[in-house]
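Asks: task: produce atomic coordinates for the following.
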Amino acid sequence: MSTRGRTTRRVGPLAGMPEASPRLDVDALLDDPETRIIVCTGSGGVGKTTTSAALALRAAERGRKVVVLTIDPARRLAQSMGIETLDNTPRPVPEVSGSGTLDAMMLDMKRTFDEVVESQASPEKAAQILANPFYQVLSSSFAGTQEYMAMEKLGQLHKDAARTDRWDLIVVDTPPSRSALDFLDAPERLSSFLDGRFIRILLAPARGPARFMTAGLSVVTNALTKVLGAQILQDMQTFVAALDTMFGGFRARAQQTFALLQQPGTAFVVVAAPEADALREAAFFVERLAGEQMPLAGLVVNRASRLLHEGLSGEQALAAAERLESTGDDSTAVTSGLLRLHADRTRIVAREHHLRQRFAAAHPHVPTAVMPALSTDVHDLDGLREVGELIAG
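Replies: Numbers count the residues shown, from 1 in each chain. The predicted structure follows:
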């Protein structure tokens, strides 16, 4: 598994725990001109979108020409980047300091699918496909379409960057899937669907003379007509026949983008929350990346809890709270409450630390950055700058 030579190891093991993970040197990753693509991935709800935007802004303000592809960002994040509406077109982010530039966009999976059809088919056939009811459902709601179109858009941005030199770094926020593995699996899953046996059955009437239609195939199509209805089946057959010439292109582009993700210029950053399920998902993804020979930059543990006071243990805080409460003095209620809050926070911090160390024990060579939780939401560029600084350590 690649660590890309950008890490330094902390000195000495922590007491009673395995040696800490090597530190993820975020600034070295962002500054390296060989890094052309950064893919932020992880399970849903761990802060991938904010992390992607923060890394992109930090890279731009350190001199890179960056485009960040976000997936369904919260409205406050779009506003924090100074853009009222993000869409499928990269738009400049204002008020970026330094010598670099930053463009931002939000994936529109249907528009991206439409662009693929328009670029691969004749105008007449493209119009036929785009107007087909089955295509309209497939392009907007079929399982895996968002992940596949994220890969398509990444391929488009990479080609545009090579052709125009507009960007030297692409930062990708992966879709909020049930599983982090969906981003890698979706292209093959969608292309396999389009090239599958069921689709071939639908294509059979359009591919050969009627005399070659077997009795068995007639039975199948009659059964489908009864289940789906004649109009739906006809729409599906029309769509598949129109799209038939593009099957090879879907698979070829999926393979090209998959190969792009394996190249040394790509770096995966796995984002996780300090929770057992999220770190377990991160571990699965780290292992999958290694199995697919994809370059892993490291792990970002997002929203880690912080102690209210570094010099006071949980046991000391709890004992002090009990002593105050035993006096019966109402004026000490606030202080007692803060002490109990600190004791609870200490237990949470210890649990999160144990989870991170357990991950480190299983994956000792994965560089890690710990991002402490913020007290407020990110609502402007200064907030994104703070996130970037905290991730960079």
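Asks: going forward, measure contacts between C-alpha atoms and count neighbours the same way
Replies: OK.
Asks: from what I can see E34 touches G265, true?
Replies: Yes. Using CA atoms under 8 Å, E34 makes contact with G265 at a distance of 5.5 Å.
Asks: neighbour count: those two, which is higher?
Replies: G265 (17 against 13; other CA atoms under 10 Å).
Asks: look up phi and psi at the more buried one.
Replies: Its backbone dihedrals place G265 at phi -70, psi 0, with angles given as degrees, to the nearest 10.
Asks: name the nearest residue to it, sequence neighbours excluded.
Replies: T35 (4.7 Å; CA to CA, 6 or more residues apart in numbering).
Asks: that neighbour contacts L261, correct?
Replies: No. With contact defined as CA under 8 Å, T35 does not reach L261; the gap is 11.7 Å.
Asks: which one's more surrounded, these two?
Replies: Neighbour tally, T35 and L261, criterion other CA under 10 Å: the higher count belongs to L261, 25 against 18.
Asks: output the longest strand belonging to the protein.
Replies: What stands out as the longest strand in the chain, according to DSSP state E, is strand 296-304.
Asks: buried residues, that strand. List them.
Replies: By neighbour count with 16 or more other CA atoms under 10 Å, strand 296-304 contains the buried residues L296, A297, G298, L299, V300, V301, N302, R303, A304.
Asks: could you do stretch 164-171 as well?
Replies: Those would be W167, D168, L169, I170, V171, for stretch 164-171 by 16+ other CA under 10 Å.
Asks: bridging across strands, which residues link to the fourth one?
Replies: Beta-bridge partners recorded for I170 (DSSP bridges): I37, V67.
Asks: who are the contact partners of it?
Replies: Residues in contact with I170 (CA atoms under 8 Å, 6 or more residues apart in numbering) are R36, I37, I38, V66, V67, V68, L69, L157, H158.
Asks: if we go to 10 Å?
Replies: Listed by CA atoms under 10 Å, 6 or more residues apart in numbering, the contact partners of I170 are 35-39, 56, 64-69, 102-103, 154, 157-158, 161, 266.
Asks: repeat for M81
Replies: 53-54, 57, 92-96, 102-104, 379-384.
Asks: how is the residue nearest to T41 when sequence neighbours are not counted assigned, secondary-structure-wise?
Replies: Of all residues not flanking T41 in the chain, V270 sits nearest, at 5.0 Å (CA to CA, 6+ apart). Following DSSP: H, G, I helix; E, B strand; the rest coil, V270 is assigned to strand.
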